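Enquirer: using only what follows, build the 3D model:
(3 chains)
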Amino acid sequence: MKIQFEHAWDISITQAQELQYKLAHQVICTDSFSNIQLVAGVDVAYSKETDELIAAVVVLESATLKVIESVTIKEKATFPYIPGLFSFRELPPLLKALESIKTRPDLIICDGQGYAHPRRFGLACHLGIIFNIPTIGCGKTKLLGEYCSVGNLRGDHTPLLHDNEVIGNVLRTQNNVKPVFVSIGHKISLKSACEWVLKLAPKYRLPETTRQADQLVNTVLKTQ
DNA sequence: GCGACAG
DNA sequence: ATCTTGTCGC
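Expert: The predicted structure is shown next:
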């Protein structure tokens, strides 16, 4: 898969924040896709022992959830973990992994936030802009925002608010299981994003894309 | 000053 | 992320 937009990664914290403000204008928050047949899940794990990041990409056929392709990449971490600047730590290895896959997915589900971010530019948005591809942010915990209690049944959801703005949805993917935090990445509406997360999570809390990418990075982490 | 803070 | 018992809120 080919990168559509490049920028420097060896930058200061201030420059990174300025870049987020600048790129946030380019995010498209309406459905800009036709047929979604291939969906990809991405995840990154950190190995304390080797100070390396392990990035994994798994491409699934959306209709059958069958694995089409998967790849992992190991790389030294070059940026610290700072809430709000997550993408500057995790994207470099993830870009390499995505560049190496042969099939271009129609949608990428990210482990982390998208629009639900202090500068409205979480990892999912960043990845979407770089590859000019529809992305969804699906986090296990929230970065910021307030919300009312969510119903206990699969499909129940409530808006995630910040500064009088709906920045995402808190979505229950399974009955009586902790909800996930869904937000726009790029080229998709919040409504469609939730529908896809729900569709891709028929049995577990997380969408199959994320779950399989998670599984893959953990296998590599144990194997080394 | 204190708590919150994607992974 | 990862380490982990009893404790707290609904």
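Enquirer: hmm, the helix or strand containing A:Leu221 in reach of DNA strand B?
Expert: Assigned by DSSP states H and E, A:Leu221 belongs to helix A:208-223. No: if you take CB under 7 Å from any atom of the strand as the test, helix A:208-223 misses DNA strand B, and the best it gets is 8.1 Å. Backbone N, C-alpha and C define where each C-beta goes, glycine included.
Enquirer: leaving out sequence neighbours, find the closest residue to the residue in chain A positioned nearest to DNA strand C.
Expert: Going by CB to the nearest atom of the strand, DNA strand C is nearest to A:Lys140 of chain A, at 5.3 Å. Of all residues not flanking A:Lys140 in the chain, A:Val180 sits nearest, at 6.4 Å (CB to CB, 6 or more residues apart in numbering).
Enquirer: also A:Leu190?
Expert: A:Ile184 (5.6 Å).
Enquirer: partners of the spatially closest residue to A:Ser100 that is not a sequence neighbour in the sheet?
Expert: Excluding the flanking residues, the one nearest A:Ser100 by CB to CB, 6+ apart is A:Val71, at 5.4 Å. Counting by DSSP bridges, A:Val71 is bridged to A:Val57.
Enquirer: how far out from the middle of the chain is the helix or strand hosting A:Ile109?
Expert: Using DSSP H and E, A:Ile109 sits within strand A:107-110. For strand A:107-110, the separation from the chain centroid amounts to 6 Å (computed by CA atoms, centre = their mean, to the nearest Å).
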